[in-house]
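Undergrad: fold the following.
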Amino acid sequence: MQPNTPHSMFYNSSTEIARRAFLGTSALSLGSIALTSMLSRRALAGGGDAPPSFKLPKATAKRVIMLFLAGGMSQIDLFDEKPLLSKRRGEELPDSVRRGQRITGVTEKQGALPVVGSCFKYKKYGKAGLNMSELFNNMGEFADDFCLVRSLQTDHVLHEAAMSILFTGSLQLGRPSWGSWTSYALGTENKDLPEFVVMISGTRDGGSPPHPRMWHNGFLPGRYQGVQFRGGKEPVFFVSNPDGIDEKARKNIVDSVKALNEIEAKGSGDPDITTRIQAYELAAKMQTSVPDLTDLSKEPADILEQYGADPAKDSFANNCLLARRLAEKGVRFIQVCDGGWDHHYNIPTILKKKMEDTDKPVAALLRDLKDRSLLDDTIVIMVGEFGRTSYCEGPLAFNSYGRDHNQLCSSVLLAGGGFKGGFEYGKTDDWGWDVVENPVHMHDLHATILSCLGLEHTRLVTRFQGRDFRLTDVFGKVVNDLVV
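TA: This next block holds a predicted model:
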């Protein structure tokens, strides 16, 4: 096509399909299977009569609240007590334990790998006696609701790559995110809000905040991309009316754009145009639904106090409270990201401060969900992209030490939605270096949570560029021991 060629020359009439669209949608074309699959699932997500082929007979959960602690929280200081590390403090991690496995270049150049135990005491919580750090002053109340996995593993030791595995199941860029797969499969419970919402806090604390590609729709329809909510007067960019534009003028603009898009969709057969129309319609609905939803000042004073939330300031606490409101409204996947968990130094001070900011709002979220009978069908996940090393990074002092990245073992805390409460799973070696019992890979975590949502991960598949893709790629198994 030449740059200035009239558009009409490429259509015989307004009812005919463009050649490129025909080749992509024809029943005889190579792309027909992919499009048929996408359209059928889109219809089923909207309430079709026949059950999708990837749905299981029973679901124990309807939605997910993912609390992502960006940077990699230290499991040794929070979830996985290692007395031997305190006893052998300052000694080199034995070669027989490490077995030549990969470490980052930072500690490799350091030349020594002195082990260090936690400066924090551990205690038993709940009737089940769940063994966790003393830093869980408030969350410890919910120990009998927790499923604590101490044997989580991933495939990479660097932040961006490990985040990509957690959020998209792959090191390759451009894959759909976990939340996008979930909303794609389950559809919406509230037509005035997105199915997948993301909130971020703690970006000023340093570390590695997640890139927006971690909530991208990839090659799934655009409507399944995560929508970021922010604090302030404009919680979602470009939804509110610009200065000088009233509701009537805005409606005329939206209606006109919709009409033009419908003409283009009819002529080209491009499914992306349908997505664009849906985006405009959702944005119009969000103009009224979002401001009211995100106005935390309407919450009772005692609820604000429980969370430690301040409607006038952005915070992790505010995002936890908003997560409950979103869950109540039927949002499928709520991703709460908190930065500042990349603790390469001064863990005794920095981790304590982060837990002071985190422990109270997470406990309030769990309490709120239970009080509103939402925890039974809501999965709450608290996880980082990987764990931390048992050896020290940087200077080892009596009141200061840091830890490097460790992809071989980390911990994840789960609650609600069908997961066993007061339950511990998996075991690491006495040096806290690697898993020795019941390993759970990130793909296994994906598969298990999808199963609780009533989705069979091996059949939740879409075709793109001649290949079938799924969140768990060619890996993953459901860990049935974790669920009731």
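Undergrad: what's the domain layout of this protein?
TA: Per the record's domain assignment (automatic domain parsing), the chain is made up of the domains 20-50, 59-230+314-482.
Undergrad: show me where the stretch 1-150 of the chain has its strands.
TA: Residue ranges of the strands in the stretch 1-150 of the chain, as given by DSSP state E, counting those that start in this stretch, are 63-69, 122-125, 130-133, 146-153.
Undergrad: who wins for proximity to Ser410 among those?
TA: Shortest distance between Ser410 and those, using Cβ to Cβ, is found for strand 146-153: 4.7 Å. Yep, even glycine has a C-beta here, placed from its N, CA and C like the rest.
Undergrad: which helices and strands does the closest one pack with?
TA: strand 130-133, strand 410-415, strand 423-425, strand 427-428, strand 435-437, strand 440-441, helix 442-452 (3 or more Cβ pairs under 8 Å, 6 or more residues apart in numbering; DSSP states H and E).
Undergrad: out of the ones you listed, which gets nearest to Val257?
TA: When the helices and strands packed on strand 146-153 are ranked by distance to Val257, counting by Cβ to Cβ, first place goes to helix 442-452 at 36.1 Å.
Undergrad: and the closest one, what does it pack onto?
TA: Helix 442-452 is packed against strand 146-153, helix 178-186, strand 378-383, with contacts defined by 3+ Cβ pairs under 8 Å, 6+ apart.
Undergrad: including distance to Val157, mean pLDDT and mean neighbour count, could the helices and strands packed on strand 146-153 go into JSON lines?
TA: Putting the helices and strands packed on strand 146-153 into JSON lines (distance: least, Cβ to Cβ, whole Å; pLDDT from 0 to 100; neighbours: other Cβ atoms under 10 Å) gives the following:
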{"stretch": "strand 130-133", "distance to Val157": "24", "mean pLDDT": "98", "mean neighbour count": "22"}
{"stretch": "strand 410-415", "distance to Val157": "11", "mean pLDDT": "98", "mean neighbour count": "26"}
{"stretch": "strand 423-425", "distance to Val157": "23", "mean pLDDT": "98", "mean neighbour count": "19"}
{"stretch": "strand 427-428", "distance to Val157": "16", "mean pLDDT": "98", "mean neighbour count": "20"}
{"stretch": "strand 435-437", "distance to Val157": "15", "mean pLDDT": "98", "mean neighbour count": "14"}
{"stretch": "strand 440-441", "distance to Val157": "15", "mean pLDDT": "98", "mean neighbour count": "22"}
{"stretch": "helix 442-452", "distance to Val157": "13", "mean pLDDT": "98", "mean neighbour count": "25"}
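Undergrad: among these, which is nearest Phe54?
TA: Using Cβ to Cβ, the helices and strands packed on strand 146-153 put helix 442-452 closest to Phe54, at 8.9 Å.
Undergrad: moving C-terminal from the closest one, which element do we reach first?
TA: Once the chain leaves helix 442-452, the next helix or strand it forms, by DSSP states H and E, is strand 462-464.
Undergrad: could I get the helices and strands packed on strand 146-153 as TSV with distance to Asp292?
TA: Rendered in TSV, the data for those read as follows (distance: least, Cβ to Cβ, whole Å):
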stretch	distance to Asp292
strand 130-133	38
strand 410-415	28
strand 423-425	38
strand 427-428	46
strand 435-437	46
strand 440-441	40
helix 442-452	30
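Undergrad: wait, which of the ones you listed is closest to Gly174?
TA: helix 442-452 (17.6 Å).
Undergrad: can you list the residues that contact that closest one?
TA: Taking contacts as Cβ atoms under 8 Å, 6 or more residues apart in numbering, the residues outside helix 442-452 that touch it are 56, 59-61, 64, 149, 152-155, 165-166, 169, 178, 181-182, 379, 381, 383, 412, 417-419, 456-457, 460, 471-473, 475-479, 482-483.
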